[in-house]
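In: only the shape, not the letters, is given here:
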């Protein structure tokens, strides 16, 4: 029990003190600081399961202390809009909640100062642009973007604004991840030689919504507005509600899962994107009409663009039909491993004495180290138990605090921009069966010498 309490305590560090290297204030930022007594009015853009089950409860853990309030719901579908209003009222002592049939109406009402965006994968970047152009701060779910055109447009719009945008890469608010970042940057780990990322489930219903699909009628929503900048096609309730199974509405595994894990690679190394990606896989188990794979492996080459002899490999594997292996992130060096599943650094696999001596070398073994213990040194303040999803709770709190302070949050727009490059490169390799690379000058994903597009 004591170890469990220590873990909960370490996992509940207040994210305000995790703002390592946060950008300083500008004069304009100082003028935008919201007063401590000013209530921040927040709208929900997309009343999704992600909001209802995780983002909303995490927000409500901090809304009173931070003086934030959920006051509006924008959703294209009449049913979800009504459900959103009912849920917000039930969880806010029957407070007044406005409902809007689209974001244009929401922002025209001038009723919100900030929004939480939890819409379809391909819409996140576009909805982030709408938010900042309306003068609103935003918490934007990942994946940030599914095409480079959307990615570049959102980066430009957000950087041109003074708005606070937190991308939903919640690992960046985790004390254990901050401890891992510091350990690697300290040089104690040695050069990274490989990273293994795994995300396995056994869930035939993952991303499926058959009961909702049966209820969804075109007359009750706005299909054209839903498609935004995607090519027009006839009404399909599966692509409206089960979008994660269909391209170009989602890349599936890369955008949903891989972007979380690959983001830590960028964070720990300051590398912005892979040099190249290859991928293989298919729909091997769940033949239910989906277009996105249920099994895949992607292999990345990371390192400086001007030094091809220096770098490391990252492998991401994922399957949806057998959960053995679960979810893991392991960083390897010549001296051992840093395991984000156990939160431990160990000499496992390091260069042993016998093998080293045969080549006239010294052994290289990392000391045992506990990242949970180190996490306490990363943060000064602690918070109460933050529920079943402490990382998301801390991430939401960090965004709220930054809305007031106008400091950059733990996962600013650049974090989303870079994880999107890796995800789009992976999707390009998946769609074409070829190696994908990145043209840094043009900021384009390339396959076979051509720009990868829809």
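Out: The structure has been received and is ready for your questions. These numbers were taken from a predicted model, which means no experiment stands behind them.
In: which stretches of the stretch 201-350 of the chain have low pLDDT?
Out: For the stretch 201-350 of the chain, no stretch has pLDDT under 70.
In: in it, which spans are helices?
Out: Assigned by DSSP state H, counting those that start in this stretch, the stretch 201-350 of the chain shows helices spanning 210-215, 223-227, 237-241, 253, 259-269.
In: most neighbours per residue, which of the ones you listed?
Out: Counting by mean count of other Cβ atoms under 10 Å, helix 253 has the highest mean neighbour count of the helices of the stretch 201-350 of the chain, with a mean of 28. Using the backbone N, CA and C atoms, a C-beta is placed for each residue, glycine as well.
In: elements contacting that one?
Out: Packed against helix 253, as judged by 3 or more Cβ pairs under 8 Å, 6 or more residues apart in numbering; DSSP states H and E, are no other helices or strands.
In: could the helices of the stretch 201-350 of the chain go into CSV alongside distance to residue 406?
Out: Formatted as CSV, the helices of the stretch 201-350 of the chain follow (distance: least, Cβ to Cβ, whole Å):
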stretch, distance to residue 406
helix 210-215, 39
helix 223-227, 32
helix 237-241, 37
helix 253, 36
helix 259-269, 22
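In: among these, which is nearest residue 176?
Out: The closest of these to residue 176 is helix 259-269. By Cβ to Cβ, the value is 10.8 Å.
In: any chance you could list what contacts that closest one?
Out: Applying Cβ atoms under 8 Å, 6 or more residues apart in numbering, the external contacts of helix 259-269 come out as 142-144, 169-172, 177, 180-181, 184-185, 192, 195, 197, 199, 271-273, 300, 302, 314, 316, 329, 331, 340, 411, 415, 418-420, 422-423.
In: let me see the contact set for the spatially most central residue of the chain.
Out: Of all residues in the chain, the one closest to the mean position by Cα atoms, centre = their mean is residue 169, 3.1 Å from it. Applying Cβ under 8 Å, 6+ apart, we find residue 169 in contact with 142, 259, 260, 263, 395, 411, 415, 416, 419.
In: output those residues as TSV; include the columns distance to residue 441.
Out: As requested, the contacts of residue 169 are exported to TSV (distance: Cβ to Cβ, whole Å):
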residue	distance to residue 441
142	26
259	24
260	28
263	24
395	33
411	26
415	22
416	21
419	21
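In: let me know the closest of those residues to residue 129.
Out: Using Cβ to Cβ, these come closest to residue 129 at residue 416, 12.4 Å.
In: my read: that closest one touches residue 138, true?
Out: No: with contact defined as Cβ atoms under 8 Å, residue 416 does not count as touching residue 138 (11.1 Å).
In: where along the stretch 251-400 of the chain do the strands fall?
Out: Secondary structure of the stretch 251-400 of the chain (DSSP state E, counting those that start in this stretch): strands located at 276-282, 295-302, 312-319, 327-333, 336-339, 344-346, 369-370.
In: please identify the deepest-packed of the ones you listed.
Out: It is strand 336-339: most buried of those by mean count of other Cβ under 10 Å, with a mean of 22.
In: residue 352 and residue 336: what is the separation?
Out: Going from residue 352 to residue 336 by Cβ to Cβ, to the nearest Å gives 11 Å.
In: and for residue 239?
Out: Computed as Cβ to Cβ, the residue 239 to residue 336 distance reads 46 Å.
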